[in-house]
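Asker: Using only what follows, build the 3D model:
(chains A and B)
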Amino acid sequence: QKEVEQNSGPLSVPEGAIASLNCTYSDRGSQSFFWYRQYSGKSPELIMFIYSNGDKEDGRFTAQLNKASQYVSLLIRDSQPSDSATYLCAVKPSNAGGTSYGKLTFGQGTILTVHP
Amino acid sequence: DVKVTQSSRYLVKRTGEKVFLECVQDMDHENMFWYRQDPGLGLRLIYFSYDVKMKEKGDIPEGYSVSREKKERFSLILESASTNQTSMYLCASSLPRNIQYFGAGTRLSVL
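Answerer: Numbering: from 1, shown residues only, chains lettered A, B, ... in the order given. As a prediction, the model looks like this:
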C-alpha cells in the first residue's frame, strides 16, 4: 500500500462546478497535511495546509481532514479553467522516535482539467 | 516574500560529466531538500539537509551527493551523469512547521 494515495485521474469538471480531490494516508500518526498545485512545466506551489480535523476554507478552496478515516480532501468551488493543473497531496509522517526534519510524503498527484 | 532560487532552468550535459545543481534560499530555513520528478513516478526525495554540513539520504540517493556549507545554499552533485538521471530536479526549503517552498526547478537532460 502506498503511503499517500490520491484518487486516480485525470479528473475533468465543467467550469463553475465543484472539483473534489481526495487523498488517503497510511501513517495514523500523521499530523500535518498540505495541498500543492503544479501547473505543467512549473514547480509545486502551496495552496493550503491543515492540521486539525474538520474544514478549513480559503476563498474558493476548502480542505477537509478526517484523521479517524485517514482522509484529506480538497474542494474547489466555482472551478475555473485556470484551476487546471496537477494537485499534490503531501503528509508529514509521524516522528516514530526520531525526527523527520520537515520531510513530507507526496502522493502521485491528480490531474484536474476544467473545461469551459 | 519567500524565495528559493535554482541556478539553472535548463541544463544539457553529457554522460560521465560531473554536474552541480545549486539552490539558494533567502528565508533562513533550517531544512532543505532535493527531489526529482518523473512522469508517473511523482516527487521522489533524493537528499535533505537539516543544518549546515548535516545531510540525510532520501529515497533515491544512489548516484547523487549533496553539499551544504552555508545555511542558505544546498547543492546537488551528480558524480558521473547518466542518461537515467535525465529528469526535473526540484529544490525546496522549509521551517520546522513543514511548509515546503519550491524553487522553479531545473530540467536536466543527459545525452
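Asker: Next, residue B:103: phi, psi?
Answerer: With angles defined as degrees, to the nearest 10, residue B:103 sits at phi -80, psi 180.
Asker: ignore the last one, residue A:82
Answerer: Backbone geometry at residue A:82, expressed as degrees, to the nearest 10, gives phi -70, psi -10.
Asker: Check what pLDDT it gets.
Answerer: Note on residue A:82: pLDDT of 97.
Asker: Ok, the one 10 residues further on next?
Answerer: You'll see residue A:92 listed with a pLDDT of 89.
Asker: what's it in contact with, if anything?
Answerer: Residues near residue A:92 by Cβ atoms under 8 Å, 6 or more residues apart in numbering or on different chains: A:30, A:31, A:32, A:33, A:34, A:100, A:102, A:103, A:104, A:105, B:98. In short, each C-beta sits where N, CA and C put it, glycine included.
Asker: any chance of these in JSON lines, plus pLDDT and secondary structure?
Answerer: Listed next are the contacts of residue A:92 as JSON lines, based on pLDDT from 0 to 100; DSSP: H, G, I helix; E, B strand; the rest coil:
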{"residue": "A:30", "pLDDT": "89", "secondary structure": "coil"}
{"residue": "A:31", "pLDDT": "86", "secondary structure": "coil"}
{"residue": "A:32", "pLDDT": "91", "secondary structure": "strand"}
{"residue": "A:33", "pLDDT": "94", "secondary structure": "strand"}
{"residue": "A:34", "pLDDT": "95", "secondary structure": "strand"}
{"residue": "A:100", "pLDDT": "61", "secondary structure": "coil"}
{"residue": "A:102", "pLDDT": "78", "secondary structure": "coil"}
{"residue": "A:103", "pLDDT": "86", "secondary structure": "coil"}
{"residue": "A:104", "pLDDT": "90", "secondary structure": "coil"}
{"residue": "A:105", "pLDDT": "90", "secondary structure": "strand"}
{"residue": "B:98", "pLDDT": "74", "secondary structure": "coil"}
